[in-house]
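Novice: how would this look folded up:
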Amino acid sequence: MKKLLLSAMMLAAITACKDEVIIDENNQDINYSKLPQEFPFSTLATLNNVAVINGGFGSGAAAHPTRKGEFYVITDRGPNTDYLNGKKFLAPSFTPSIMHFKINAGGNIEVIRYIKLKNPSGQPITGLPNPAGMGSTGETAYDANGNILGTDAYGLDSESIVAAADGTFWVSDEYGPHIVHYNADGVEMERISPIGVNTGTRKLPAVLAKRRPNRGMEGLCITPDGKTLVGTIQSTMYVPNKNSATNKTLTRIVTFDIASGQTRQFLYQQDGGASDSVCDITALSNTEFLVIERDGNFGSQGGIKKVYRINISGASNVNGSDLSAADGMMINGKALEQCTWSEISAAGIQAVSKTLAVDLVAKLGYEHDKFEGMVYLGNNKLAVFNDDDFGIVDDGNGNPKAKILPKTGKVDKGTMYIVDIP
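Specialist: Numbers count the residues shown, from 1 in each chain. A predicted model of the protein is given here:
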């Protein structure tokens, strides 16, 4: 009887792997066999005869904390193009939003709810820059015609999302950088940053304020025990300033203890350089994580889209003794970003360990440029998402043109994939 039962279990496991149907602990089948699949998007606006899609979902992703097969994805600040010393905001009233969706019984993506982010008074925010002293990156906001727009004290360049067990959300941001706590309806409850805009006494280390514009806290996840947020800074920070930050492969990971507010920082060594990005992060355990590294090229044109397995347990905490120090921990009078890896090692500082988990271009033929969201599903399965930039890119003059995938000739749209990892 035991042999028959074991054979039946093995047959079920083989069948599940073949069809990519994952069985969760509640014995509910989740049919991922129809992925990859695009999100269902409408048109947000039409400018210069170019459709701006109501997309952007995929800057970050999280699984529902208790219901398997349900996910949350988040937009960034909204459709924009480069212009003069800032950005053209093509839909200035756009509100950064969360999309709650599920993989239904038929294996298709089904939207459950859209959640707009709101200020503490319950009013929808925008993605416009923060004013000076409240998280400003120095960028000026313009409308599609080049007219200067205002700022938004509660504005967010949202990049990643955590869905907590209590139904609330934690969102990371590239402006402040901020970590913002929202209730289940998207109303701000707490804003935590390295500068004086915190709603309480809890702060991030002051050195994080020296993130590069548009390269702030790109990734965010929560440890499986629900106690700690873990965020990634996208690229080398300008510490002590832009010209002096010479180590272009050094960036930082910051942890935030939710109960105490205590933080730690760890160094991460990128494979690439200043133009590459460390994007989303997802937890495997309380000390092991998967991290995205990517460049800005399309996968079908030689782009780098990789996932690394990292471990922070043996890494050095580089918070330093004074969290209010603008340049953070120093080595022989130099900021960490001024030091070579040899100097850092000689000082007894250990970066997080890392090994390659999967190369999406080699594994999937992944063609998108902005691989920015992922969720570990268990059973060596990883859900990955792209930021489609609302289907537009800059034409070189600050105006939008359709963002076309070179391999297929189609407009880039947010898509969910499933990939096996070792």
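
Novice: the helices in the stretch 251-400 of the chain, which residues?
Specialist: 341-346, 360-364 (DSSP state H, counting those that start in this stretch).

Novice: gap between the shortest one and the chain center?
Specialist: Just to be clear, that refers to helix 360-364. 20 Å (Cα atoms, centre = their mean, to the nearest Å).

Novice: and for it, what are the contacting residues?
Specialist: Gly299, Gly303, Ile304, Lys305, Lys306, Val307, Tyr366, Phe371, Val384, Tyr417, Val419, Asp420 (Cβ atoms under 8 Å, 6 or more residues apart in numbering). (Glycine included, C-beta is placed from N, CA and C.)

Novice: dump the residue contacts of the closest residue to Asn319 other than its chain neighbours.
Specialist: Leaving aside its chain neighbours, Asn319 sits nearest to Gln265 (5.0 Å; criterion: Cβ to Cβ, 6 or more residues apart in numbering). Contacts for Gln265 were tallied using Cβ under 8 Å, 6+ apart; they are Pro205, Arg252, Ile253, Val254, Thr255, Asn317, Val318, Asn319, Gly328.

Novice: What residues are bridge-paired with Gln265?
Specialist: Val254 (DSSP bridges).

Novice: Just the local confidence number for it, please.
Specialist: Note on Gln265: pLDDT of 98.

Novice: how much space is there between the closest residue to Leu90 other than its chain neighbours and Asn49?
Specialist: Using Cβ to Cβ, 6+ apart and skipping residues adjacent in sequence, the residue nearest Leu90 is Pro79, 4.4 Å away. Per Cβ to Cβ, to the nearest Å, Pro79 is found 15 Å from Asn49.

Novice: With Ser275 instead?
Specialist: 31 Å.

Novice: One more: Glu174?
Specialist: From Glu174 over to Asn49 (counting by Cβ to Cβ), the distance is 30 Å.

Novice: Same question for Thr255.
Specialist: Counting by Cβ to Cβ, the gap from Thr255 to Asn49 is 47 Å.

Novice: List only buried entries from the contacts of helix 360-364.
Specialist: The neighbour count (16 or more other Cβ atoms under 10 Å) marks Gly299, Gly303, Ile304, Lys305, Lys306, Val307, Tyr366, Phe371, Val384, Tyr417, Val419 as buried among the contacts of helix 360-364.

Novice: can you list these in JSON lines and add pLDDT and distance to His181?
Specialist: JSON lines is the format used below for the buried ones among the contacts of helix 360-364 (pLDDT from 0 to 100; distance: Cβ to Cβ, whole Å):
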{"residue": "Gly299", "pLDDT": "96", "distance to His181": "34"}
{"residue": "Gly303", "pLDDT": "94", "distance to His181": "34"}
{"residue": "Ile304", "pLDDT": "95", "distance to His181": "33"}
{"residue": "Lys305", "pLDDT": "97", "distance to His181": "30"}
{"residue": "Lys306", "pLDDT": "97", "distance to His181": "31"}
{"residue": "Val307", "pLDDT": "98", "distance to His181": "27"}
{"residue": "Tyr366", "pLDDT": "97", "distance to His181": "33"}
{"residue": "Phe371", "pLDDT": "96", "distance to His181": "27"}
{"residue": "Val384", "pLDDT": "98", "distance to His181": "26"}
{"residue": "Tyr417", "pLDDT": "98", "distance to His181": "30"}
{"residue": "Val419", "pLDDT": "98", "distance to His181": "31"}
